[in-house]
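Peer 1: show me how the following folds:
(chains A and B)
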Amino acid sequence: MHDLRAVADGSAHATLTLADGLAVFLRVDDFTDPWTEPETIVLLHGVAEASEAWFAWIPHLARHYRVLRPDMRGFGRTTPMPLDHHWSLDELSGDLLAVLDHLGLAAPHIVAAKVAGMVGLHFAAQHPSRVATLTVIGNPVRGSDVTAIPGYGADTVERHGVAYWAALGQASRLGSSMPPQAHDWWTAMMGRTAASTQAGFLRSLGRFDATPALERIMCPTLVVTSGASAGTSSSITSEAAVRAWQSRIPRSRLCVLASDSYHVAASDADRAAPAVRAFIEGARRV
Amino acid sequence: MTVLDLADGRQLHYRLDAFTDPWASADTVLMLHGLAESGRTWFAWVPALARRFRLVRPDLPGFGESSPVAEGGSWSVDAVTDDLAALLDHLQLERVHVIGQRAGGALALGFALRHPQRVSRMVLVGAPFALPQSRGKAGGPSWREVLAREGMAALNEKTMSDRFAGAPRAMRDWWLAEMNRTSPHSMTAAAAAMETLDLAPHLMKVQAPSLLITSDRNALVPLQDTVAAARAMPDARLLVLPADSYHLAATHAQACATAARSFLASEPYA
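Peer 2: Numbering: from 1, shown residues only, chains lettered A, B, ... in the order given. Got it, this is the predicted structure:
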């Protein structure tokens, strides 16, 4: 077991090797008073991203919480996956459990963006004692809703590479509020994903379904969406679409951060992070 | 933590905090800690500043993980500011904001006087302009005498109640442990430099717009000294916090960091 206090002197990173040999890269940011024992927030990035996608969130959270950012299986600096890897919510949820066990984290706050939101929902239903609160942001609940978006499929990645695939969806992913340089940065970050990981993941994504988890989630849950009701992702982001599944989570509430982006955790980080922190603080007081 | 190998073989350790939008440019803030501390002691300040500025937090020469001063070796404000200039060269930073607290504030002033073209704005927190108590006050022993006779921990312990007045026990214990890691040779050399510190005659030459923060009952730096400094400096403003601790960067981190952020960002500031 890693001693997080020793790892975290401001910002640090570490690599954990799980039982199946997966080398999980993770970042720790901790600017809490070192004479206290802080609660932990785990940030889970979306597909074709890595832990650096959360950079803007750290100043908002890390004075009061220890913040942990793993790179998901296959992504970032975690071991890439072969094209024929059989991806599942069970496995990704198991990876998260293994990381928490490795670090001795009993029940952190979990914040998950985009496709990782499905992992968060699945995990919270499977391991209710291991989650203090759950926040999901800009996420679908069925992979098939994502793969139905034109150009989102594995064939685009296999034919043109991850960066091309990422650039194709950037306008709806990030909306109109960010400058072109931000879109380029995001495309470059996503483009570093191994093509075998990304194409294999997209081949499996259509089978992902987090809806059976919804009624079984027992922790306080915040669902954040941009509410965007136009564009190719509106079937995932519109308030009505999100409310339809959010209302099935017993202790949940919906937070709409109005924006024309799909990836509200990225495009509106400086609004989303304080809202999430306020939710976590509120849940702690109950 | 990252290491810079200085020309004479000494190592300078530093931390970089990069949480600004990576696709846009951002000003950098150089943060200078006090004696017997390290760059990590800015932890409470980082979240308040790092979304707006890139931060460079060195362990000052002789302190933290940076190479300690050899027994009988020397340490001076001028030499430290030259090491800091070498760090900025290494990081390809032509011009920065500088925040310094206590002796780090004296170093910030020294840096601004020696390298005026490299400092945009400056924030000094509880900075001394002279430290007569390092020579021993009212016939008492000097810091160097306490260090030689009783050691590092005794020197730190003696000044703890003034430094952290009103702070919780756990907080004081952590800071004391942090300070006690300091090399006694480094501290002896720095104490010698503090005995002859006299910045008052040079304050009128400081060009950088500056914010001076102090407490109204500061046992290290008399309030009137900071008021006089703010008057002497061509472009300075003063923030006096009601407090009887003198380590304001620790005991009043949030208030100080918020004021520093507004000032460095040239925002209207209350």
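
Peer 1: for stretch B:242-253, buried residues please.
Peer 2: B:243, B:245-253 (16 or more other CB atoms under 10 Å in any protein chain shown). (C-beta placed from N, C-alpha, C; glycine too.)

Peer 1: what distance separates the start and the end of it?
Peer 2: End-to-end distance for stretch B:242-253, by CA to CA, to the nearest Å: 13 Å.

Peer 1: can you list the low-confidence ranges for the stretch 151-270 of chain B?
Peer 2: B:267-270 (pLDDT under 70).

Peer 1: can you list the residues of it near chain A?
Peer 2: With CB under 8 Å from any CB of the partner chain as the criterion, the stretch 151-270 of chain B comes near chain A at residues B:170-171, B:173-174.

Peer 1: which parts of the strand or helix carrying B:Ala255 are buried?
Peer 2: For B:Ala255, the host element (DSSP states H and E) is helix B:253-264. Judged by neighbour count (16+ other CB under 10 Å), helix B:253-264 contains these buried residues: B:253, B:256-257, B:259-261, B:263-264.

Peer 1: of all those, which comes closest to A:Asp268?
Peer 2: B:Arg261 (21.2 Å; CB to CB).

Peer 1: okay, helices next: where are they in the chain?
Peer 2: Chain wasn't specified; assuming chain A. A:4-7, A:58-61, A:89-103, A:116-126, A:143-147, A:154-160, A:162-174, A:180-191, A:195-205, A:234-237, A:239-246, A:264-267, A:269-285 (DSSP state H).

Peer 1: ah, no, chain B please
Peer 2: Using DSSP H, helices in chain B cover B:46-49, B:77-90, B:103-114, B:143-150, B:152-158, B:160-163, B:169-180, B:184-195, B:223-232, B:248-251, B:253-264.

Peer 1: export those to TSV and tack on distance to A:Ser93?
Peer 2: Conversion of the helices of chain B to TSV gives the following (distance: least, CB to CB, whole Å):
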stretch	distance to A:Ser93
helix B:46-49	30
helix B:77-90	44
helix B:103-114	47
helix B:143-150	56
helix B:152-158	49
helix B:160-163	49
helix B:169-180	37
helix B:184-195	50
helix B:223-232	57
helix B:248-251	42
helix B:253-264	38
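
Peer 1: closest one to A:Arg277 among those helices?
Peer 2: helix B:46-49 (11.1 Å).

Peer 1: hmm, who's touching the closest one?
Peer 2: Contact with helix B:46-49 is made by A:10, A:31, A:58-63, B:17, B:29, B:55, B:57, B:253-254, B:257-258, B:260-261, B:264, as judged by CB atoms under 8 Å, 6 or more residues apart in numbering or on different chains.

Peer 1: return the distance of B:Arg237 relative to chain A.
Peer 2: 25 Å (CB to the nearest CB, to the nearest Å).

Peer 1: which non-adjacent residue is nearest the spatially most central residue of chain B?
Peer 2: By CA atoms, centre = their mean, chain B has its centre lying nearest to B:Gly104, at 1.9 Å. The spatial neighbour of B:Gly104 that comes closest, neighbours along the chain excluded (CB to CB, 6 or more residues apart in numbering or on different chains), is B:Leu32 at 3.4 Å.

Peer 1: I'd say A:Ile41 and A:Phe279 touch.
Peer 2: No - using CB atoms under 8 Å, A:Ile41 is not in contact with A:Phe279, being 11.2 Å away.

Peer 1: between those two, who's got more neighbours?
Peer 2: A:Ile41 (25 against 20; other CB atoms under 10 Å in any protein chain shown).

Peer 1: tell me the contacts of the more buried one?
Peer 2: A:61, A:65-68, A:108-111, A:280.

Peer 1: so what's it bridging to?
Peer 2: A:Val67, A:His109 (DSSP bridges).

Peer 1: that one and A:Val28: what is the separation?
Peer 2: 11 Å (CB to CB, to the nearest Å).

Peer 1: what residues does chain A put near chain B?
Peer 2: So chain A meets chain B at A:9-11, A:31-36, A:55-56, A:58-63, A:179, A:181-182, A:184-185, A:270 (CB under 8 Å from any CB).

Peer 1: what about 7 Å?
Peer 2: Residues of chain A lying close to chain B (CB under 7 Å from any CB of the partner chain) are A:9-11, A:31, A:33-35, A:55-56, A:58-59, A:62-63, A:181-182, A:184-185.

Peer 1: where in the stretch 101-250 of chain A is pLDDT low?
Peer 2: Ranges of the stretch 101-250 of chain A meeting pLDDT under 70: none found.

Peer 1: same thing but 80
Peer 2: A:151, A:230-232 (pLDDT under 80).

Peer 1: pretty sure A:Ala163 is touching A:Trp185, no?
Peer 2: No - look at A:Ala163 against A:Trp185 with CB atoms under 7 Å: they stay out of range, at 11.9 Å.

Peer 1: what sits against residue 101?
Peer 2: Since no chain was named, I'll use chain A. Counting by CB atoms under 7 Å, 6 or more residues apart in numbering or on different chains, A:Asp101 touches no other residue.

Peer 1: wait, I meant chain B there
Peer 2: B:33-34, B:125-126, B:249.

Peer 1: that older thread, among the contacts of A:Ile41, which one sits closest to chain B?
Peer 2: A:Leu61 (8.0 Å; CB to the nearest CB).
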